[in-house]
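S.K.: what follows is a predicted protein model with its sequence.
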Amino acid sequence: MDGCEAARRVISIFGRLDTKYEGETVDESTLRTLLSSACDIFKSEQSYLEVRAPITLVGDIHGQFHDLRQILRSAGVPGAGGRYLFLSDYVDRGRYSIPTMSLILAYKVLYPNHVFVLRGNHECAAINRMYGFFDECKRSYDLRMWKAFNDLFNLLPLAACVGNKIFCAHGGLSVELVSMDQIRNIKRPTGIPDCGLVFDLTWAEFRPEVVGFETPCGNGPDSFGSE
């Protein structure tokens, strides 16, 4: 089975938008093939994506699989007019992180120029070990599957620009960011360190009361204002 066949099988299970999802799963071999194929695609992409408009931007999903299905019903599935830039936090908190991430990856494999997938702070083993994804992988498969997903997360692009105008990242701006070439030059696979540019791209917070940047005294992400 190749990656496209695995993607079609995943969509046949998780992508049936006209029927109620009742907890169906994908066999381990199919899912591992899908992950491997998706990894190859992410390796070919830059850390900073340049994406043409129009495109649908999707924020945190956090395992809310029914919400993802509703978005696809409303904006169209890839291959039938839908184009998406997902801004990360696909896993944790919700009940269905694996189906959520798997369906997004299946569409990415089949339509790599219609689906773009960024990384956020929950696409990190240290975080998703604590907030539900680890336990879901252990229940449905095993710890090797959790590791395989996190190996893929370490390859995800970190930011994007839509239509040469709109900067997109899960976190936001960094006091260290002077040129977008700094993002382009980030080598992947990479973890998320405790500080610095990669940390801020996945963790930084917008706060309207902040002038410029505000860096916390202890460990923590930068905050940035409307300037």
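M.R.: Right, received. Where do you want to start?
S.K.: any idea how far A38 is from P112?
M.R.: Relative to A38, P112 is positioned 9 Å away (C-beta to C-beta, to the nearest Å). Every residue, glycine included, has its C-beta placed from N, CA and C.
S.K.: relative to V10, how far out is Y96?
M.R.: Taking C-beta to C-beta, one finds Y96 at 13 Å from V10.
S.K.: name the SS class of the residue minimising distance to the centre of the chain, please.
M.R.: By C-alpha atoms, centre = their mean, the mean C-alpha position of the chain lies nearest to S88, the distance being 3.5 Å. S88 falls in the coil class when you classify it by DSSP: H, G, I helix; E, B strand; the rest coil.
S.K.: using the three-state scheme, assign the residue lying closest to it once chain neighbours are set aside.
M.R.: Residue nearest to S88 in three dimensions, not counting chain neighbours: G120, with 2.9 Å by C-beta to C-beta, 6 or more residues apart in numbering. When classified by three-state DSSP, G120 comes out as coil.
S.K.: my guess is G120 contacts F86. True?
M.R.: No. Judged on C-beta atoms under 8 Å, G120 makes no contact with F86 at a distance of 9.4 Å.
S.K.: need the longest helix for this protein.
M.R.: Determined from DSSP state H, the single longest helix within the chain is helix 28-44.
S.K.: got the residue ranges for the strands in this protein?
M.R.: Remark: strands assigned in the chain by DSSP state E are 48-51, 56-58, 84-86, 115-117, 159-162, 166-168, 205-206, 213-214, 223-224.
S.K.: flag the shaky bits of this protein, pLDDT-wise.
M.R.: 206-227 (pLDDT under 70).
S.K.: in it, which spans are helices?
M.R.: Going by DSSP H, the chain shows helices at 3-14, 28-44, 65-75, 97-110, 125-128, 133-140, 143-153, 181-184, 197-203.
S.K.: just to revisit the earlier point, quick one, what contacts the residue nearest to the centre of the chain?
M.R.: S88 makes contact with 60, 117-123, 156, 170, 202, according to C-beta atoms under 8 Å, 6 or more residues apart in numbering.
S.K.: rerun that using 7 Å as the cut-off
M.R.: The contact partners of S88, taken as C-beta atoms under 7 Å, 6 or more residues apart in numbering, are 118-120, 123, 170.
S.K.: how far away is it from F116?
M.R.: S88 sits 11 Å away from F116, going by C-beta to C-beta.
S.K.: list residues touching both of those two?
M.R.: With C-beta under 7 Å, 6+ apart, S88 and F116 have no common neighbours.
S.K.: so G94 makes contact with H62?
M.R.: Yes. Contact criterion C-beta atoms under 7 Å: G94 and H62 qualify, at 4.8 Å.
S.K.: re earlier: so the residue nearest to S88 sits right up against D89, yeah?
M.R.: Yes. Contact criterion C-beta under 7 Å: G120 and D89 qualify, at 4.3 Å.
S.K.: overlap in contacts of those two?
M.R.: By C-beta under 7 Å, 6+ apart, G120 and D89 have these common neighbours: H170.
S.K.: that older thread, can you redo the strands of the chain as TSV with distance to V77?
M.R.: Listed next are the strands of the chain as TSV, based on distance: least, C-beta to C-beta, whole Å:
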stretch	distance to V77
strand 48-51	18
strand 56-58	11
strand 84-86	10
strand 115-117	10
strand 159-162	20
strand 166-168	21
strand 205-206	31
strand 213-214	40
strand 223-224	35
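S.K.: among the ones you listed, which comes closest to T33?
M.R.: Checking the strands of the chain against T33 by C-beta to C-beta gives strand 115-117 as the closest, at 17.7 Å.
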